[in-house]
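> need a 3D model of the following:
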Amino acid sequence: MYCIYLSIRLSTVIHSLQYFYTASSGLSTFPEFVAVGMVDGVQFEYYDSNIQITVLKQDWMHQVTSDEPDYLERTTASFLVAQQSSKAKIVNAKQLFNQTGGIHVYQELCGCEWDDEDDSTDGYEQHGYDGEDFIVFDLYTLTWVAAVPQAVPTKQRWDQDRADLQNKKNYYTKECVDWLKKFLAYGKSTLQRIERPRVSLLQRSPSSPVVCHATGFYPDRVVVFWRRDGQELHEQVDPGEVLPNHDGTFQVSLDLYLTAVPQEDWGRYECVVQLRGIEDTSIPLDPAHIRTNWGKTGDKGDILVFILRSVACVAVAAATAFVGVFAYQKRDRESIKLSRRLET
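Numbers count the residues shown, from 1 in each chain. Prediction:
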């Protein structure tokens, strides 16, 4: 079953257009509203309530605005409406949870996906409050699903607005997908490129897990796994999230715990990195290949590797924290799609 999953994941590309909205109250050092647009995990535009203009984040977006001169005006107007709506939603949520003060955050994730192999599409809209699920739009039934009891009044009110539900269906199944394809065409040289991963084995101390660290790859749809004697390991491993690098590429780490494995058996293990369009990259678990931060005078560079990696992860986590609450839901959608594929 797991091998089938790998085959499906690497043989098709699912492109995505996503918008993240974050409204907050009680945070004086953070904008009350932030909007970020992303195509295939790459940020292409930004807006917040302090600047109240749309800022382009990719060079190829200037071609979009050249071909459609009113793009920035329309987009900024749309974000302004979302800003006003989000402000009302956070006030409503505070009332539903019987809250009067404190720091609170209301988040929305909406967007669509397009499978370039079978031309299938999907759309979604999800709302979260204070780091927890609040309410989710079901595109197939055109109803809202309350994730917590406090969201039931909101569900009942939004379910009654049939015109809005139909508009959402039209947007997520048609307009959003059309824009996704446009953005992919404009940013083809950037968004549809392939960059090979650089793979390293790292270990902080003799008792620490061995980390298989892949970085510099694009796109972010990578499969990384450890295997022993040619068989993929499901135990002894601790997978990490795929994180963005400052240069637009991605990184991911996968820990392997070897406390009960004698070093003479290490040769049975290897880390494998799979990226669509290129051959697999594998690196055997050989002590000579492991960068450490102990034992040798010449390991200062390896210490720096660990320090830079930690700093980078902290910076990335800070930059992307406001969208993290929805990460697991994306994995759930991928699992559902996988099940549908296997059933057919």
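> which parts of the stretch 101-250 of the chain are strands?
With DSSP state E, counting those that start in this stretch, the ranges of strands along the stretch 101-250 of the chain come out as 104-115, 121-129, 132-138, 143-146, 198-203, 210-217, 222-228, 231-232, 237-239, 243-244, 250-256.
> can you put these in a markdown table and add mean neighbour count and distance to residue 188?
For glycine as for every other residue, the C-beta is placed from the backbone atoms N, C-alpha and C. Below are these laid out as a markdown table (neighbours: other C-beta atoms under 10 Å; distance: least, C-beta to C-beta, whole Å):
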| stretch | mean neighbour count | distance to residue 188 |
| --- | --- | --- |
| strand 104-115 | 21 | 14 |
| strand 121-129 | 21 | 19 |
| strand 132-138 | 18 | 30 |
| strand 143-146 | 16 | 36 |
| strand 198-203 | 19 | 24 |
| strand 210-217 | 21 | 18 |
| strand 222-228 | 18 | 20 |
| strand 231-232 | 10 | 34 |
| strand 237-239 | 14 | 31 |
| strand 243-244 | 18 | 20 |
| strand 250-256 | 21 | 19 |
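> could you dump the ones you listed to a markdown table with mean pLDDT and distance to residue 95?
Conversion of those to a markdown table gives the following (pLDDT from 0 to 100; distance: least, C-beta to C-beta, whole Å):
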| stretch | mean pLDDT | distance to residue 95 |
| --- | --- | --- |
| strand 104-115 | 96 | 11 |
| strand 121-129 | 97 | 12 |
| strand 132-138 | 97 | 13 |
| strand 143-146 | 98 | 16 |
| strand 198-203 | 94 | 49 |
| strand 210-217 | 95 | 45 |
| strand 222-228 | 93 | 43 |
| strand 231-232 | 92 | 50 |
| strand 237-239 | 87 | 40 |
| strand 243-244 | 90 | 36 |
| strand 250-256 | 94 | 40 |
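> of all those, which one is nearest residue 159?
strand 143-146 (5.6 Å; C-beta to C-beta).
> what does the closest one rub up against?
Residues outside strand 143-146 that contact it (C-beta atoms under 8 Å, 6 or more residues apart in numbering) are 135, 136, 137, 138, 152, 154, 155, 158, 159, 165.
> please identify which of the residues you listed is nearest to residue 262.
Of these, the one sitting nearest to residue 262 (C-beta to C-beta) turns out to be residue 136, at 48.8 Å.
> which residues does that closest one bridge with?
With DSSP bridges as the criterion, residue 136 is bridged to residue 126, residue 145.
> what number of residues lie near residue 118?
8 (other C-beta atoms under 10 Å).
> against residue 16, how distant is it?
According to C-beta to C-beta, to the nearest Å, residue 118 stands 16 Å off from residue 16.
> tell me which of the strands of the stretch 101-250 of the chain sits nearest to residue 46.
Of all the strands of the stretch 101-250 of the chain, strand 243-244 sits nearest to residue 46, with 14.2 Å by C-beta to C-beta.
> that closest one packs against which elements?
Applying 3 or more C-beta pairs under 8 Å, 6 or more residues apart in numbering; DSSP states H and E, we find strand 243-244 packed against strand 250-256, helix 300-320.
> any idea which of the ones you listed scores lowest on pLDDT?
Sorting the helices and strands packed on strand 243-244 by mean pLDDT places helix 300-320 lowest, at a mean of 43.
> so which of the strands of the stretch 101-250 of the chain comes closest to residue 289?
Shortest distance between residue 289 and the strands of the stretch 101-250 of the chain, using C-beta to C-beta, is found for strand 198-203: 5.2 Å.
> quick one: distance of the closest one to the chain centre.
Put simply, strand 198-203 sits 23 Å off its chain's centre (C-alpha atoms, centre = their mean, to the nearest Å).
> now do it against strand 250-256, angle only.
Between strand 198-203 and strand 250-256, the angle comes out at 40 degrees (axes from the mean of the first three to the mean of the last three C-alpha atoms, to 10 degrees).
> ok, residues contacting strand 198-203?
So strand 198-203 is contacted by 209-217, 271, 273, 281, 283, 285, 289-292, 302, 305-306, 309 (C-beta under 8 Å, 6+ apart).
> got the strands of the stretch 101-250 of the chain as a markdown table, with distance to residue 20 columns?
A markdown table is the format used below for these (distance: least, C-beta to C-beta, whole Å):
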| stretch | distance to residue 20 |
| --- | --- |
| strand 104-115 | 6 |
| strand 121-129 | 10 |
| strand 132-138 | 15 |
| strand 143-146 | 19 |
| strand 198-203 | 29 |
| strand 210-217 | 23 |
| strand 222-228 | 22 |
| strand 231-232 | 33 |
| strand 237-239 | 23 |
| strand 243-244 | 13 |
| strand 250-256 | 18 |
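> quick one: which of these is nearest residue 187?
Smallest distance to residue 187 across the strands of the stretch 101-250 of the chain (C-beta to C-beta): 14.4 Å, for strand 104-115.
> who does the closest one pair up with?
Strand 104-115 is paired, per DSSP bridges, with strand 14-25 (antiparallel), strand 121-129 (antiparallel).
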